[in-house]
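> Fold the following.
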Amino acid sequence: MVEPRIHDNKRDDAERPSENKKLKVVYMKKIFTVLLFLTIGLFAFAQQSYQDVIYLKNGSIIRGTIIEQIPNVSLKIETADKNAFVYKMEEIDKITKEPGLNTAKKSNSSSGLKSGYLGILNVGYGFGAGHDSKGIDFAKFDFINGYQFNPYISLGFGTGIKYYFDDDNSSLVIPLFLDIRAHFIDYMVSPYVAIGIGYTLEATPEFRGLGFMLNPSLGVSIKVSPRSALNIGVGYLLQNAEDGGINSINLDLGFSF
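Numbering: from 1, shown residues only. I've put the predicted structure just below:
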């Protein structure tokens, strides 16, 4: 493991592990708080895919957005093609809010993500795996700039920060990697596989190289609009280092836009 960034030689061996464990708990709480608030925000955004649905007594069903309503008299609804219709309340059987039709079934125009620029924000937490990496955890933030070629394949370049910590050491590193991901189906909810491959630098004035990294992962992408999706995944990070490397299992929460 890399040298600790902060080390107080005045503390005795009994005090150091106890304080580092407390710091580790604090960092974990901060990461999970960020994950919680990001999840709430993303699901709130997803609610924008709901639409107003008017069921008329003659059997007709009108879908769109209610733009004007006079209580107990009438209402006006605007459909997806920008046409507006006015109905008297006595003509209406019920009014509901329902998911848009394009979120409930496959559609060439709005199921998978559309072609074009793809940005991905990821936050995550990793747990050391294996005898040599046990207890070496990390928190991370990644930002990927890429291109969505079709609903199935995307390619991007990513960077970010990782903060490694255990009972005795801590280190801030910067990964530089190529992100390749493939979705298996062109639906609102789609399993995906992703591979991050690149190199990691220590965040020191010299930007000393830490080593090669490989991070395959599996997950599920949930589309919340034609251009955005929530991603939940689990991966296995292989990080080379001077002492032989660090292996970790990482949990990720991301947002594609």
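> Give me the number of neighbouring residues for L214.
Close neighbours of L214, defined as other CB atoms under 10 Å, add up to 15. C-beta coordinates here come from the backbone N, C-alpha and C atoms, glycine included.
> scratch that, I246
26.
> Quickly list what it is bridged to.
Q239 (DSSP bridges).
> Report the contact partners of it.
M1, G128, D132, S133, I136, Y164, L237, Q239 (CB atoms under 8 Å, 6 or more residues apart in numbering).
> Please identify the helix or strand for F212.
Here F212 sits within strand 209-225, counting by DSSP states H and E.
> Now that strand: buried residues?
Across strand 209-225, burial judged by 16 or more other CB atoms under 10 Å covers L210, G211, M213, N215, S217, G219, S221, I222, K223, V224, S225.
> Please identify the pairing partners of it and their relative orientation?
By DSSP bridges, strand 209-225 pairs with strand 189-202 (antiparallel), strand 228-239 (antiparallel).
> May I have that strand as CSV, with CA atoms only?
Output of strand 209-225 as CSV, limited to C-alpha atoms (Å, rounded to 0.1, in the frame of the first residue of the first chain):
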residue,chain,number,x,y,z
GLY,A,209,2.4,6.4,-11.1
LEU,A,210,0.6,3.8,-9.0
GLY,A,211,0.0,1.2,-11.7
PHE,A,212,-2.3,-0.5,-14.2
MET,A,213,-6.0,-0.9,-13.3
LEU,A,214,-8.8,-3.1,-14.6
ASN,A,215,-12.4,-2.8,-13.4
PRO,A,216,-15.0,-5.1,-15.0
SER,A,217,-18.5,-4.7,-13.7
LEU,A,218,-22.1,-5.9,-14.1
GLY,A,219,-25.2,-3.9,-13.4
VAL,A,220,-28.7,-2.6,-14.3
SER,A,221,-29.5,0.6,-16.2
ILE,A,222,-33.0,2.2,-15.6
LYS,A,223,-33.9,4.8,-18.2
VAL,A,224,-35.6,7.9,-16.8
SER,A,225,-35.7,9.9,-20.0
